[in-house]
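# Based on what follows, work out the 3D shape:
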Amino acid sequence: MKKALIFVVVLIVAASVAACGGEEEGEPGDGATPAAGLVEITFWHSEVASNLDAIQGLARRFNSEQDEVKVKMAFQGNDEETMLKFMASLGSADVPALIYLAEVDAQRVMDSGAATPVQDFIDREDYDLSDFDEKAIQYYTVDGQLHGMPFAIAVPLLYYNKLDFSEVGLDPEQPPSDLEELREASQKLVERDSHGNILRAGIALDIEAWYLELTLAEHGDFYVNNGNGREGRATEVLFDGPTGQAFFRWWHEMIEEGLAINVGRNPGGDAALLTMGVGRAAMSFASSQALRSVVDVLERGDMDVDLGVGAQPGIPGGTGLTGVYSRGLWILKGRPEAEQEAAWKFIKWLLEPEQQAEWYAGTGLLPVRISAYDLPAAQSVVVEYPHFRVPVELVLETPSTQESLGPLLGPIRDVREVVDTAIEEMVVGSKDPIEAIQDAADEANDIIEDYNRRLGE
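Model (predicted):
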């Protein structure tokens, strides 16, 4: 237990340092008068732990390698908080020149009209996109125009403790391939005391609407109509179909049967991993975005965890592939033209294969440049940490389809809130899972209709 507590403390401290470090993050020379001709830009982001180290390291190196642009990093909280601050900054002097946002915010940013499409810069200088992962480019392409610039790709993963698997006779090198196999594994992994109280669940599940989106993508189903919002603006959700219903039933049964532990809402993205770390669950779902941070904590040697990583399992009969999400960079119109040009210069540098390989090795987020996988930084991290190979294989095997890219939906954060509430009502309350998802769909459709009406659609 002592080792497990150390694991929790390490992760919490890492996140707290990032969250409380002040608005601007330690660039040498901050506060000094900029040199003549030097353009200073502010870059908003939401990275913490090992990912924070990686993005700060890149910014420092960019600043040291040239004397035309100075990038000042500004942490804004988690993804949702960063998006809220972006919306609040519009029309004010606080808007940054460059912002790094989760993929789900793409439609909302485009609807705001606050971003300069990167297509403008690409067309002007005939910037070559041939080495980019097609899925990443397609995510931000609407009506033939690339709006945001993809910077990193994330995929959902199953994190598990190989020691727990070995203890109960499961093959530690063969994680569950679908949710039925996960249920069967959990039945073996559950550990109870003499009174029937659960000491270790099969899996820790946080209340996270993202899992529904990923399950639909893995099964080859749409989340919303009109080609997931890519053939035209989405007008209704489709997540309450057979696949969504099966997923809600599975979730409900896992909790009811004591095979899963509910860790509640998880805006920081670490609750399920922490539960696994303290030994209260053998598995958890999390993004590949957390991979490097998890590996770094484990390397401290403060716990008895042998990490295993696999694809996040889906409903039986699915594609066996994954949903692919591409986080993006946005250049904002609210800043002077010189700052927008400086932001584009920084983006181009970040997207060079060398920086992409370094970013992948330092985070677990996958590069958008295919050639980056062949560079020493990317090759060496896979040799040293074989876990990093899993998300790479998933991304490279997954085709670029409207289903795999997930929904393009303006009010998706509001819709996610509705789905989160439905999950809570199902696993904490006593609501029937089918009723819960159908009620969520009805409420989500009202949100979408209201959003589209306000846009004049």
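# Test my guess that residue 315 contacts residue 219.
Yes: using CB atoms under 8 Å, residue 315 makes contact with residue 219 at a distance of 5.4 Å. Where you see a C-beta, it was placed from the backbone N, CA and C, and this is true even at glycine.
# quick one: low-confidence ranges for the stretch 151-300 of the chain?
Within the stretch 151-300 of the chain, the stretches with pLDDT under 70 are 268.
# Now do the strands in it.
Listed in chain order, the strands of the stretch 151-300 of the chain (DSSP state E, counting those that start in this stretch) span residues 156-161, 191-192, 198-207, 260-265, 281-287.
# thinking again about what came up before, mutual contacts of residue 315 and residue 219, please.
With contacts taken as CB atoms under 8 Å, 6 or more residues apart in numbering, residue 315 and residue 219 have residue 243 as neighbours in common.
# gap between residue 195 and residue 308?
Taking CB to CB, to the nearest Å as the measure, residue 195 falls 30 Å from residue 308.
# Compare the two (neighbour count), which wins?
residue 308 (21 against 5; other CB atoms under 10 Å).
# Can you name the element that comes right after the helix or strand harbouring the more buried one?
Secondary structure from DSSP states H and E places residue 308 in strand 307-311. Counting by DSSP H and E, the next helix or strand C-terminal to strand 307-311 is strand 325-332.
# So what are the sheet partners of that following strand and their directions?
Pairing partners of strand 325-332, with direction, according to DSSP bridges: strand 98-101 (antiparallel), strand 115-116 (antiparallel), strand 149-154 (antiparallel).
# That strand vs strand 281-287, what angle?
Here the directions of strand 325-332 and strand 281-287 differ by 40 degrees (axes from the mean of the first three to the mean of the last three CA atoms, to 10 degrees).
# got the phi/psi numbers for residue 360?
The phi/psi pair for residue 360 (degrees, to the nearest 10) reads phi -60, psi -50.
# Run through the residues that contact the nearest residue to it once chain neighbours are set aside.
For residue 360, ignoring the flanking residues on the chain, the nearest one in space by CB to CB, 6 or more residues apart in numbering is residue 367 at 4.9 Å. For residue 367, the contact set (CB under 8 Å, 6+ apart) comprises 133, 152, 153, 353, 356, 357, 359, 360, 373, 378.
# re earlier: out of the strands of the stretch 151-300 of the chain, the one nearest residue 297 is which?
Residue 297 lies closest to strand 156-161 among those, at 11.8 Å (CB to CB).
# Just give the strands next to the closest one in its sheet, each with its orientation.
strand 281-287 (antiparallel), strand 307-311 (antiparallel).
# Identify, out of those, the most deeply packed stretch.
Each of these was scored by mean neighbour count; the highest is strand 281-287, a mean of 25, by mean count of other CB atoms under 10 Å.
# now that strand and strand 260-265, what's the angle there?
When the same axes, to 10 degrees is applied, the directions of strand 281-287 and strand 260-265 differ by 40 degrees.
# Could you dump the strands paired with strand 156-161 into CSV and include distance to residue 397?
Formatted as CSV, the strands paired with strand 156-161 follow (distance: least, CB to CB, whole Å):
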stretch, distance to residue 397
strand 281-287, 18
strand 307-311, 10
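# Can you check which of those strands gets nearest to residue 51?
strand 281-287 (10.7 Å).
# Run the chain-centre distance for stretch 368-381.
20 Å (CA atoms, centre = their mean, to the nearest Å).
# again but with stretch 250-269, I slipped
Relative to the centre of its chain, stretch 250-269 is centred 19 Å away, using CA atoms, centre = their mean.
# first to last residue in it, what's the distance?
In stretch 250-269, first residue to last residue: 22 Å (CA to CA, to the nearest Å).
# Equivalent analysis for stretch 56-75, please.
Length of stretch 56-75, first residue to last, CA to CA: 11 Å.
# got the buried residues for stretch 339-349?
For stretch 339-349, the buried set under the neighbour-count rule, 16 or more other CB atoms under 10 Å, comprises 339, 340, 341, 342, 343, 344, 345, 346, 347, 349.
# outside of stretch 411-428, which residues touch it?
Outside stretch 411-428, the residues that touch it by CB under 8 Å, 6+ apart are 80, 83, 104-105, 107-108, 205, 207-210, 212, 237, 239, 248, 251-252, 255, 262, 265, 409, 431-433, 436-437, 439-440, 443-444, 447-448, 451.
# farthest residue from the center of this structure?
residue 194 (39.6 Å; CA atoms, centre = their mean).
# can you tell me which of the contacts of residue 367 are in helices?
In helices, judged by DSSP state H, the following of the contacts of residue 367 are found: 353, 356, 357, 359, 360, 378.
# I'd say the fifth one and residue 377 touch.
Yes: look at residue 360 against residue 377 with CB under 8 Å: they come within range, at 7.4 Å.
# So between these two, which is more surrounded?
residue 360 (30 against 18).
# pLDDT wise, what is the more buried one at?
Note for residue 360: predicted pLDDT of 95.
# Residue 183 contacts residue 250, doesn't it?
Yes: assessed by CB under 8 Å, residue 183 is found in contact with residue 250 at 7.2 Å.
# of the contacts of stretch 411-428, buried ones?
For the contacts of stretch 411-428, a burial check counting by 16+ other CB under 10 Å picks out 80, 83, 104-105, 107-108, 205, 207-210, 212, 237, 239, 248, 251-252, 255, 262, 409, 431, 433, 436-437, 439-440, 443-444, 447-448, 451.
# Against residue 228, how distant is the residue nearest to residue 360?
Counting by CB to CB, the gap from residue 367 to residue 228 is 24 Å.
# what about the helices in the stretch 101-250 of the chain?
Taking DSSP state H, counting those that start in this stretch as the test, the helices found in the stretch 101-250 of the chain are 106-112, 118-125, 134-139, 162-167, 179-189, 210-219, 225-229, 242-256.
# Also the stretch 301-450 of the chain?
Under DSSP H, counting those that start in this stretch, the stretch 301-450 of the chain gives helices at 337-350, 353-363, 376-384, 389-397, 402-405, 412-427, 433-454.
# Excluding sequence neighbours, find me the nearest residue to residue 211.
Excluding the flanking residues, the one nearest residue 211 by CB to CB, 6+ apart is residue 285, at 6.3 Å.
# Also residue 150?
Using CB to CB, 6+ apart, the nearest residue to residue 150 is residue 136, at 3.6 Å.
# what's the spacing between that neighbour and residue 322?
In this view, residue 136 and residue 322 are 14 Å apart by CB to CB.
# quick one, which of those two is more surrounded?
Per other CB under 10 Å, whichever of residue 136 and residue 322 has more neighbours is residue 136, with 29 against 24.
# which residues touch the more buried one?
By CB under 8 Å, 6+ apart, the contact set of residue 136 is 150, 153, 326, 368.
# Could you do residue 213 as well?
223, 239, 323, 406, 407.
# burial measure for the last one, as a count.
Neighbour count for residue 407, taken as other CB under 10 Å: 27.
# for the third one, same thing?
With neighbours defined by other CB under 10 Å, the count for residue 323 comes to 25.
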